[in-house]
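> Sequence first, then the predicted structure, then my questions.
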Amino acid sequence: MFWGVDVGSTYTKIAGIDKDENIIETTVIPTIMNQDEIVYDYLKSREVEMVVATGYGRYMIEKKLSCPVISEIKAHAKGAYFHDKRVDLVIDLGGQDSKIIKLDGSGGFVDFRMNDKCAAGTGKFLEIAANRMGLSMEEFSTLGFKSDKELTISSMCAVFAESEVISLMAKKESAPNICYGIHDSIASRLSSMARRFILKSEYILFSGGGALNPFLKHLLEKRLEKDIVVSKTPQLMGSIGAALAGYEISQEI
């Protein structure tokens, strides 16, 4: 078994594939203190040929398990290509950052853009906003479909953007309309990042935890004027790509 571990800011994703590149086992667990120990305990009772780590916590896993690491960009490119070889652009929205990755047609990448400077352009802001409004993520991710007013949240900083949300709530704007404004602010940032690649892209994959949000997908499609595909397990794209990298490394040894 070849394992990929993607330690994200909110969740850690683990995927295991066999020698025929079949996905045998996957799990998603919260990222907390001593995550390297948690991953070690998870894998110690399993058959392990190779582990490759990715994500912002990859060096913690490298030190604990003495395993190779790869960048998130490389891992997501491999995972997307494995999902569907037609994919030529990946839009990834995680808890800590957002990424646009242009694929090369063979499981690698030729270019990318990344936003990791402020939470206002990440999935974390969606979580903060949902909590502020007293909504579950499931409610929050669909409520915008009921909006009848296109509110704008313009702040580039998550703290100030949250203040805008509080102000809209104080003005008694409806929950669906506030949800629209929050989601549109993320869609605006993602589409702006993707625009330099979009004209040459025919098959776009939306990955990361943000891809579990149907209203955000809808707004992205509207802004980019392109259909966007979401896999059944969008959070696992990086861990699957890391597992595939592990298989490739084992073949070279």
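Yep, it's here. Numbers count the residues shown, from 1 in each chain.
> What helix or strand is residue 110 located in?
Using DSSP states H and E, residue 110 sits in strand 109-115.
> Send me that strand as PDB with only the CA atoms.
The C-alpha trace of strand 109-115 is given here as PDB (Å, rounded to 0.1, in the frame of the first residue of the first chain):
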ATOM      1  CA  PHE A 109       1.600  21.400 -14.100                       C
ATOM      2  CA  VAL A 110       2.900  24.300 -16.200                       C
ATOM      3  CA  ASP A 111       1.800  27.300 -14.100                       C
ATOM      4  CA  PHE A 112      -0.100  28.200 -11.000                       C
ATOM      5  CA  ARG A 113      -1.400  31.100  -8.900                       C
ATOM      6  CA  MET A 114      -1.800  31.000  -5.100                       C
ATOM      7  CA  ASN A 115      -3.400  33.200  -2.500                       C
END
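> What pLDDT is listed against residue 117?
Note for residue 117: predicted pLDDT of 64.
> how much space between the most far-flung residue of the chain relative to its centre and residue 32?
No residue in the chain sits farther from the centre than residue 171, which is 32.8 Å out by Cα atoms, centre = their mean. Going from residue 171 to residue 32 by Cβ to Cβ, to the nearest Å gives 37 Å. In this view, the C-beta of every residue, glycine as well, is placed from N, C-alpha and C.
> do the same with residue 248
Using Cβ to Cβ, residue 248 is found at 31 Å from residue 32.
> What are the boundaries of the helices in the stretch 151-253 of the chain?
158-170, 175-198, 214-224, 237-252 (DSSP state H, counting those that start in this stretch).
> so who does residue 29 touch?
Contacts of residue 29 were listed using Cβ atoms under 8 Å, 6 or more residues apart in numbering, and they are 11-12, 14, 38, 42.
> Repeat that for residue 221.
Counting by Cβ under 8 Å, 6+ apart, residue 221 makes contact with 227-228.
> For the residue nearest to residue 196 when sequence neighbours are not counted, which residues are in contact?
Distance criterion Cβ to Cβ, 6 or more residues apart in numbering; nearest residue to residue 196, sequence neighbours excluded, is residue 113 at 7.4 Å. Shown in contact with residue 113 (Cβ under 8 Å, 6+ apart): 99-100, 193-194, 196.
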